[in-house]
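# got a predicted structure plus its sequence, pasted below:
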Amino acid sequence: MAPKSAAAKPRAAAGATTSAGPSKAGPDEKWLNGQLKQLEAQRAASSSDGNWVLEPHQWHEARLNEVLARLLKGSLVSLPAEFREGVEFYVSQLADGPSALAPDAFYDDRELYALLPQDTAGVGGENEVAYQRPADDEEALKAIEKIRAWSETSPHGISNLAKLLKAHQGSALAQEAGLVRISGLLGEQRGKALEVATQGLAPRALMALIEASVLRFPRDPLLQRVGCNAIRAVALSEGGLGICLEAGGAKKVVAVMRAFTTNAEVCRTAAATLAAMANKGKDSSVEMSRIREAGAEAILMDVLPYHSNDLQLDKIARTTIPFLRG
């Protein structure tokens, strides 16, 4: 039997007994342990031609262990059916071994964890396990300054920006700076024809860049907030709404609101993004259908009780919902 990896250790610790005696595992805990066991076995079975499996599996194992820890401490009550289905699909892809699937056919859905509510249990308490941004080194800080001043909007220029962000994918601040700059560049071009010099600001390319940045730090509220703002900028750009929706823009915004339901600032920005989409798409049945199918009305209704004193969020939601109902 292969030795347990570092990624599997939290799972073993999570099941340890306490002074109060062992607790009976619930169905969600049993399910999570089953998925983790399958991922561990798939990694152990990886041959030289299956080494590409290691990085995504280790990433998902770490996230699933975080979910398990939340269930055990009570900050997460249950797992949404959509989350379960997504994890089971991810695991099932390599049920017959890494050699059964080509790497380019493998679907690595890292947005799954945005389906879970934000961890707010223990805030202010001595046992709080809050998200903290990783510190940036000197090289990352220099890159951040370069990103903030970025002005090259040709396809080559935006490609270079994407490469710079990828080179500093461990820096949440770098990803934030990139998303803010994308919003700024699009804002400068709003209402203008897309000239040759700015064709790098094509909506499809920008949506891919935005998605890559926000997926790197799913627990970072500020990054998710500026990500929603960047999606709104793409949706409002010339010809951008349809492409934004095709790329799942509305679904991504709804997922962010679902994950950060209790965060007023995130919800306010995300709601404003859905409102902008609905306002621009109100004359297109196809675009409005995509916004509705993303669950925009339901999430707006769901977050309102958490922010009953937030007049701005209340106004955004209540003026947008009639558009969505048609």
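Done, it's in.

# would you map the helices across the stretch 151-300 of the chain?
Using DSSP state H, counting those that start in this stretch, the helices of the stretch 151-300 of the chain run over residues 155-167, 172-189, 203-215, 221-236, 240-246, 249-259, 264-281, 285-293, 296-303.

# helices or strands next to the first one in the packing?
When contacts are defined as 3 or more CB pairs under 8 Å, 6 or more residues apart in numbering; DSSP states H and E, helix 155-167 sits against helix 138-148, helix 172-189, helix 203-215. No exception for glycine: its C-beta is placed from N, CA and C like everyone else's.

# domains of the chain?
Residue ranges for each domain of the chain read 25-115, 138-325, as given by automatic domain parsing.

# comparing the ones you listed by mean pLDDT, which bottoms out?
Taking the mean pLDDT of each of the domains of the chain, the lowest value is held by domain 25-115, a mean of 86.

# so how far is that domain from its chain's centroid?
Here domain 25-115 is found 16 Å from its chain centre; the criterion is CA atoms, centre = their mean, to the nearest Å.

# grab the nearest non-local neighbour of L324.
Nearest non-adjacent residue to L324, counting by CB to CB, 6 or more residues apart in numbering: E297, 4.3 Å away.

# quick check: buried residues in the lengthiest helix in the chain?
Ordering each helix of the chain by length in residues (DSSP state H) puts helix 54-73 first. Within helix 54-73, the residues that qualify as buried are 56-58, 60-61, 63-72, counting by 16 or more other CB atoms under 10 Å.

# next one: stretch 307-320
307, 310, 313, 316-317, 320.

# before we move on, back to that, which member of the buried residues of helix 54-73 is positioned nearest P98?
Checking those against P98 with CB to CB, the nearest one is H57 at 9.6 Å.

# ok, now which ones touch that closest one?
By CB atoms under 8 Å, 6 or more residues apart in numbering, the contact list for H57 reads 39, 42-43.

# same thing but at 10 Å, please
5, 7, 38-40, 42-43, 46, 90-91, 94, 98, 108 (CB atoms under 10 Å, 6 or more residues apart in numbering).

# what does M207 give?
230-231, 234-235, 240, 243-249, 252.

# helices of the stretch 1-150 of the chain, start to end?
Assigned by DSSP H, counting those that start in this stretch, the stretch 1-150 of the chain shows helices spanning 9-14, 27-44, 54-73, 81-92, 138-148.

# need those helices in a markdown table (columns: distance to A272).
Shown next, in a markdown table, are the helices of the stretch 1-150 of the chain (distance: least, CB to CB, whole Å):
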| stretch | distance to A272 |
| --- | --- |
| helix 9-14 | 37 |
| helix 27-44 | 34 |
| helix 54-73 | 28 |
| helix 81-92 | 25 |
| helix 138-148 | 23 |
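
# of all the ones you listed, which lies closest to R258?
Going by CB to CB, the one of these nearest R258 is helix 81-92, 9.7 Å.

# just give the closest residue to C244, not the sequence neighbours.
Spatial nearest neighbour of C244, excluding adjacent residues (CB to CB, 6+ apart): A235 at 4.4 Å.

# quick one: closest of the helices of the stretch 151-300 of the chain to I147.
Per CB to CB, nearest to I147 of the helices of the stretch 151-300 of the chain: helix 172-189, 4.3 Å.

# pretty sure D314 contacts L304?
Yes. Between D314 and L304 there is a contact at 6.5 Å, judged by CB atoms under 10 Å.

# can you check which residues contact both of the two?
With CB under 10 Å, 6+ apart, D314 and L304 have common neighbours A271.

# of the contacts of M207, which is the nearest to A135?
For the contacts of M207, the nearest to A135 is A230 (24.1 Å; CB to CB).

# list the contacts for the closest one?
Residues in contact with A230 (CB under 10 Å, 6+ apart) are 178-184, 186, 206-207, 209-210, 213-214, 249, 273.

# buried subset of the contacts of H57 as a ChimeraX selection?
Selection of buried members from the contacts of H57 for ChimeraX, criterion 16+ other CB under 10 Å:
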select :7,38,39,40,42,43,46,90,91,94,98
